[in-house]
Structure formats: C-alpha cells, structure tokens
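Asker: model this:
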Amino acid sequence: MNAIKSDSPPADPRKHLFYETSHSPSLADLVGYEKAKDIIDFCFIANPYYPTPEMLDDLKENFPNLIKSYPSSNPATSQKHLATVLGVNPDNLIIGNGATELIVLINTTLIDRIAVPIPTFGEYIEKLKDQRDAELFVLRPEENYNLNLSEYLAWLHRRRLKAALVINPGNPTGQIFSLDEMIDFLHHAKDMELVIVDESFIDFAGDPVPSLLQVADRFSNVLLVRSMSKHCGVPGLRLGYCYSGNLFILNRLRQFIPTWNVNTLAQYFLSLLPSTNDAYHVARKRLIGDVRWLYSALLAIPGIYVYPTGANFVLFKIKGGMTATEMQSRLLDEHGMYVRDCSNKMGMDDFHIRVASQGREKDAKLVQALETLLR
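Answerer: You can find the predicted model right below:
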C-alpha cells in the first residue's frame, strides 16, 4: 500500500516543550547546549553587562573549590553582603533560591485569597495552594493592559480582599509607577493585611532607582520581592530576595526556608557585590540607554504596536496577522534569535512578543530581523 503524501509541513518536535510550562523553555531544552551558544536569547531577561569580566574570572578561578564545598547554613553573612549594596537592614532580608522559591513560600504560608492583576508573572497564580484563591483583576487591552491603581484599590475594597499583588514595572507590559504613586497607593491600602510588590525590574526604571526599599519600613503590610536574575544577570545562580519591615511576616517565611537553599557559588557571588557596586551601576545605566534605543527602533517598524516600558524589556503586538508563536519560530529558525511568545500569559491574546535587551549590537540585529519578517 502506498503511503499517503501530505503537503503539510512536518510537526515541530519542539512544540510540546511550550505546552508543558507557562514559562518559555530554555534554549538548551530547545536546541541543546552547544547550539544554544550561537543563538541570541532575547527571551530570558538578564543584564548583559554584569557580572563584569573580572567577576567571571574570579568565579572561574574559585569554581573547583566552590563546588566541592557546602554552602553556609547561616544566611546572615550573605544578607549583610546584599544589605550593603541595597542600603537596608540585613535582618529584614530573606535570600531565596531565586524569587520563585520565595513566591512559593509566600503563596503557601501567607495567603488565603489574593488579588492578582492579569496578565502577569504566572508563578503568583500557579503556585497558590489552590489557583481559585486568586481573584483576577483583568487588565484591558484597549488600555494597553495598564493597571490603574485607584481602580484596583476600589475593586479590592469592594471585594473585601486583604491581600494584593502589584508588579512594578509590570511583567510582561513594562508599565512603571513612580515612587510617589506607589507610596500613595500604599497609604490608601494600609487596611490590607498584605501587599506584595514585585520589583524585579525596578533597577532599569530610572536613576535614581524608584524602589520602595528605602520606605518599605513605613508600611507594616508590605512585602517586597525581587529577582536578582534580571538586574544582576545571573539567572543560573538562582538568587532572589524579600524585604519587609514586618518581622512577623519574615519569620513565618523563615520557618520553611530549607537549610542550604542558596548554593555555594551563589553565596560567593553575593560576597562580590559590595566591591563591585560601582561597576554594577555603570552596567545598569548602560542597559537603560540600550532599552531606550531598542524602544525607539521598534517604534519605527511598521506592523507592530510597541508598549512603553520602564523595564529592561519591551513588549510589542503584531498587527499584520502573524501570530506570536509563528514569529517566535521564524526568528529562531531563520535568524538564530529567541524571543518570548506571550500567548500563554493569562489574559493576553496570541499576538504579543516580549524582547529583553541584550546590548546595542545584538538589539540592532533583532530590529533588522523583525524588519525582514514584517516586510
């Protein structure tokens, strides 16, 4: 019997990887470790200018000893290193194995019901004890998925909710609230039991950094969450932290932090922060300039709508009919570039792409590739 021939293209063997998680698969999963080196990764968000080359050399030199050593079981030393560059009380910090570990702890130990604006970072919903415990505040596409803090607060009070999430800058939108706007919101939300403010991208929002870190102690219900993957450029080390002036909240979380939750290499990296803080801020400001260039360059491309951003990434919507999944696949296969397809973001349609700046030279290649695809 003759086989039936089909003109349809063969199924992409990578497709299942995108359905197995609400996050994007790593490049290594998609193409293998060797080929991944040749692809520009605009999907995963990390500072391309930090750690410095000198820091990387230091880590390489100490690597054989570090992987043969147990990490410290006492988090106080690492907290002091981090607190030095943040200018905060080290006793009010918890360092986690990435922000995701801390989000899981927060969701399972502090929360019964929580308000979550969507689209957002999926872990805040997916890692609840029951996803039905998330009260979803749906952001409107005709308003650029922008969160209106006054409307949000009124909605919180109408629904008598006692816990709420704000991500600033927003993920995936990049929407930024000023420090004054956030302080005003928190003053009006003092009746709530818990306000989680995720500031994972705040270091790229301006200079000085408009973070709540220096004023968080004024609000007993505030818990700040920050991922160090983004601003320090070390997603593989898995580092994140929480900050609060409320020791009751922090001590509830500390009960469930595993011993040795931060590995030795990550602890050593934290010890390098105080002596490299000046270099960090040079890198941070350089990336802010790159993002502004990328945003302007994307604005000039016909066929996409570009959202304003206060983060180190830019979100855009494809207007010509191509889906985000199709664009992601073509950029990967035809141009050796990996971007974030936001189709699996709850509350978002199938036409949004998020790109993280990887430095001016690489960003220019992305702009050129998009111009070719959308021609």
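Asker: can I get stretch 344-353 in CSV? Just the C-alpha atoms.
Answerer: Taking Å, rounded to 0.1, in the frame of the first residue of the first chain, the C-alpha atoms of stretch 344-353 are listed here in CSV:
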residue,chain,number,x,y,z
ASN,A,344,0.3,31.6,27.3
LYS,A,345,0.0,34.6,29.5
MET,A,346,-3.4,34.5,31.1
GLY,A,347,-5.4,37.5,30.0
MET,A,348,-3.3,38.2,26.8
ASP,A,349,-4.0,37.3,23.2
ASP,A,350,-1.9,35.4,20.6
PHE,A,351,-0.1,38.3,19.1
HIS,A,352,2.3,39.7,21.7
ILE,A,353,6.1,39.3,21.8
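Asker: residues making contact with that stretch?
Answerer: 18, 22, 118-120, 122, 125, 136, 138-139, 141, 145, 172, 315-319, 322-325, 327-328, 339-343 (C-beta atoms under 8 Å, 6 or more residues apart in numbering). Using the backbone N, CA and C atoms, a C-beta is placed for each residue, glycine as well.
Asker: give me the buried entries from those.
Answerer: 18, 118-120, 122, 125, 139, 145, 172, 315-318, 322-325, 327-328, 339-343 (16 or more other C-beta atoms under 10 Å).
Asker: list the ones among the residues you listed that fall in helices.
Answerer: 18, 125, 324, 325, 327, 328 (DSSP state H).
Asker: please parse the protein into its domains.
Answerer: 26-51+278-373, 53-276 (automatic domain parsing).
Asker: pLDDT of the longest one, averaged?
Answerer: Looking back up the chat, that one is domain 53-276. For domain 53-276, mean pLDDT is 96.
Asker: please identify the helix or strand for residue 209.
Answerer: Counting by DSSP states H and E, there is no helix or strand that carries residue 209.
Asker: separation between the residue lying closest to residue 182 once chain neighbours are set aside and residue 33?
Answerer: Nearest non-adjacent residue to residue 182, counting by C-beta to C-beta, 6 or more residues apart in numbering: residue 212, 5.9 Å away. From residue 212 across to residue 33, the span is 39 Å (C-beta to C-beta, to the nearest Å).
Asker: out of those two, which sits in the more crowded spot?
Answerer: residue 212 (22 against 10; other C-beta atoms under 10 Å).
Asker: what's the neighbour count on the nearest residue to residue 269 once chain neighbours are set aside?
Answerer: Excluding its sequence neighbours, the residue lying closest to residue 269 (C-beta to C-beta, 6+ apart) is residue 237, at 5.7 Å. When neighbours are counted by other C-beta under 10 Å, residue 237 registers 21.
Asker: just list the residues touching residue 237, thanks.
Answerer: 228, 229, 263, 265, 266, 269.
Asker: could you check how far the lengthiest helix in the chain is from the centre of its chain?
Answerer: Looking across the chain with DSSP H, the single longest helix is helix 277-299. Offset of helix 277-299 from its chain centre (C-alpha atoms, centre = their mean, to the nearest Å): 16 Å.
Asker: buried set for it?
Answerer: So, applying 16+ other C-beta under 10 Å, buried residues of helix 277-299: 280, 281, 283, 284, 287, 288, 290, 291, 294, 295, 297, 298.
Asker: run through who's touching it.
Answerer: 47-50, 52, 84-85, 203-204, 206-207, 231-233, 273, 304, 306, 308-309, 311-314, 316, 355, 357, 359-360, 363-364, 366-367, 370.
Asker: OK, contacts around residue 121?
Answerer: Residue 121 touches 167, 171, 198, counting by C-beta under 8 Å, 6+ apart.
Asker: please apply the same query to residue 202.
Answerer: Here residue 202 is in contact with 168, 169, 209, 210, 211, 226 (criterion: C-beta under 8 Å, 6+ apart).
Asker: please redo it, this time with the cut-off set to 6 Å
Answerer: 209, 211 (C-beta atoms under 6 Å, 6 or more residues apart in numbering).
Asker: count of residues packed around residue 63?
Answerer: 13.
Asker: against residue 268, how distant is it?
Answerer: 9 Å.
Asker: now swap in residue 91 and tell me
Answerer: Counting by C-beta to C-beta - residue 91 and residue 268 are separated by 22 Å.
Asker: who has more neighbours, the two?
Answerer: residue 268 (20 against 11).
Asker: the more buried one belongs to a helix?
Answerer: Yes: using DSSP: H, G, I helix; E, B strand; the rest coil, the assignment for residue 268 is a helix.
Asker: run through the residues that contact it.
Answerer: residue 66.
Asker: what is the subsequent helix or strand relative to the helix or strand hosting residue 155?
Answerer: Here residue 155, judged by DSSP H and E, is contained in helix 149-158. Per DSSP H and E, the first helix or strand lying C-terminal to helix 149-158 is strand 163-167.
Asker: which residues touch that next one?
Answerer: Here strand 163-167 has contacts from 111, 114, 115, 116, 124, 156, 193, 194, 195, 196, 197, 198, using C-beta under 6 Å, 6+ apart.
Asker: can you select the buried ones among those for me in ChimeraX?
Answerer: Those of the contacts of strand 163-167 that count as buried under 16+ other C-beta under 10 Å are selected in ChimeraX with:
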select :111,114,115,116,124,156,194,195,196,197,198
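Asker: CSV for the contacts of strand 163-167, including secondary structure?
Answerer: Listed next are those as CSV, based on three-state DSSP:
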residue, secondary structure
111, coil
114, strand
115, strand
116, strand
124, helix
156, helix
193, coil
194, strand
195, strand
196, strand
197, strand
198, strand
